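Novice: here is my input; please provide its structure:
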Amino acid sequence: MSVEPEAAASTTRLYLDELAAALARARAANTESLPAAARIIAGVVEGDGIVHAFGSGHSQLAALELSRRAGSIAALQVVFDPTWGAAEDLEGYGDTLMADAPPEKGDCLIAISQSGTTFAAVEVARRARAAGAQVIVVTSLGTSMRARSRHSSGLKLYELADVVLDDGAVGPDPGINVPGIDEYVGPTSTVVATALLQEAVVEAVAGLAARGIEAPVFRPNSQEGGRQHNERLRARYRRRIRNVP
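Specialist: Prediction:
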């Protein structure tokens, strides 16, 4: 998206327009994969499993957005990258992150990577599959399919997925070109990834409720009885969920 100087003077919603278009593309690209991802999450919750979520760098924000917050499920473990992406292309780093608490059969892993080629994301997903856990991948499928794998396995993240949530990107992220500077601004990939995952969780909770199953969903602490409800959920998963920063 290129913005001419006169357009910039009269248009004040450049990022919101770009984000709306990105969300529309993502919605259209995932008519089948969103319900499939929701079914995986619902099955894990119903079976008393754990949903693991991993992203490095800015993608970690999408994983953290699902964690320990009102409106999300308590049965969720963030695979936390303390380097925030600085070590994501160090081969073996993803395996190290998973060493202490890998997913098990009956769990699932959500792996988030815009490019789908970072070493850590590939290794985390590969480790989950080896353990018998299902894998949901959030990526730019078009970008990833055009990219060359850089990992020694030759794999890209989407190739390890049971379900791919495609963010529908059609160009670089960020994608807004402002005349007068060489850099692009206005990245949308993290917001779109977060929206896709929240949709999958909402659909999973709704699917469980339709079958008379109450999902372990956190409430706002400000709601009457909210703190007590949330503490009961934390106690239920205390030995199985590790707090992260």
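Novice: who does the closest residue to Leu141 other than its chain neighbours form a beta bridge with?
Specialist: With sequence-adjacent residues excluded and distances taken as CB to CB, 6 or more residues apart in numbering, Leu141 is closest to Asp166, at 4.0 Å. (C-beta placed from N, C-alpha, C; glycine too.) Here Asp166 shows beta-bridge partners Thr139, assigned using DSSP bridges.
Novice: which residues does Asp166 contact?
Specialist: 26, 29-30, 33, 139-142 (CB atoms under 8 Å, 6 or more residues apart in numbering).
Novice: and the residues you listed, which is closest to Thr83?
Specialist: Of all the contacts of Asp166, Thr83 sits closest to Thr139, with 20.5 Å by CB to CB.
Novice: all strands for this structure, in order.
Specialist: If DSSP state E is used as the criterion, the strands of the chain fall at 51-55, 76-78, 108-112, 134-139, 163-166, 176-177, 184-185.
Novice: just these: most buried one?
Specialist: Of these, the one with the most neighbours on average (mean count of other CB atoms under 10 Å) is strand 108-112, at a mean of 29.
Novice: report the distance from that strand to the chain centre.
Specialist: Put simply, strand 108-112 sits 7 Å off its chain's centre (CA atoms, centre = their mean, to the nearest Å).
Novice: what's the answer for stretch 126-143, then?
Specialist: Between the centre of stretch 126-143 and the centre of its host chain there is 11 Å, according to CA atoms, centre = their mean.
Novice: follow-up on the earlier one: could you export the contacts of Asp166 as JSON lines, including distance to Ser67 and pLDDT?
Specialist: Output for the contacts of Asp166, formatted as JSON lines (distance: CB to CB, whole Å; pLDDT from 0 to 100):
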{"residue": "Ala26", "distance to Ser67": "21", "pLDDT": "97"}
{"residue": "Ala29", "distance to Ser67": "25", "pLDDT": "96"}
{"residue": "Asn30", "distance to Ser67": "22", "pLDDT": "98"}
{"residue": "Ser33", "distance to Ser67": "22", "pLDDT": "98"}
{"residue": "Thr139", "distance to Ser67": "20", "pLDDT": "96"}
{"residue": "Ser140", "distance to Ser67": "23", "pLDDT": "95"}
{"residue": "Leu141", "distance to Ser67": "25", "pLDDT": "94"}
{"residue": "Gly142", "distance to Ser67": "29", "pLDDT": "92"}
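Novice: out of those residues, who's the most crowded?
Specialist: Among the contacts of Asp166, Thr139 has the most neighbours (other CB atoms under 10 Å), with 28 neighbours.
Novice: distance check, that one against Leu196.
Specialist: When distances are taken as CB to CB, to the nearest Å, Thr139 and Leu196 turn out to be 10 Å apart.
Novice: now do the shared contacts for those two.
Specialist: With CB under 8 Å, 6+ apart applied, the overlap between the contact sets of Thr139 and Leu196 consists of 165, 167.
Novice: kindly give the local confidence score, pLDDT, for Leu187.
Specialist: Wrong residue type there; residue 187 is Pro, not Leu. We note a pLDDT of 93 for Pro187 in this prediction.
Novice: worst mean pLDDT among the strands of the chain?
Specialist: Mean pLDDT is lowest for strand 176-177 out of these, coming in at a mean of 89.
Novice: circling back: so which of the strands of the chain gets nearest Asp100?
Specialist: With CB to CB as the measure, strand 76-78 is the member of these nearest Asp100 (11.0 Å).
Novice: what packs against the closest one?
Specialist: Where contact means 3 or more CB pairs under 8 Å, 6 or more residues apart in numbering; DSSP states H and E, strand 76-78 is packed against strand 51-55, helix 59-65.
Novice: at 7 Å instead, please
Specialist: Applying 3 or more CB pairs under 7 Å, 6 or more residues apart in numbering; DSSP states H and E, one finds that strand 76-78 contacts strand 51-55.
Novice: output the strand it packs on as PDB - backbone C-alpha positions only.
Specialist: Taking C-alpha atoms only, strand 51-55 is exported to PDB below (Å, rounded to 0.1, in the frame of the first residue of the first chain):
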ATOM      1  CA  VAL A  51      -3.100 -26.100  24.600                       C
ATOM      2  CA  HIS A  52       0.500 -25.000  24.200                       C
ATOM      3  CA  ALA A  53       1.300 -21.700  22.300                       C
ATOM      4  CA  PHE A  54       4.600 -20.600  20.800                       C
ATOM      5  CA  GLY A  55       5.800 -17.600  18.900                       C
END
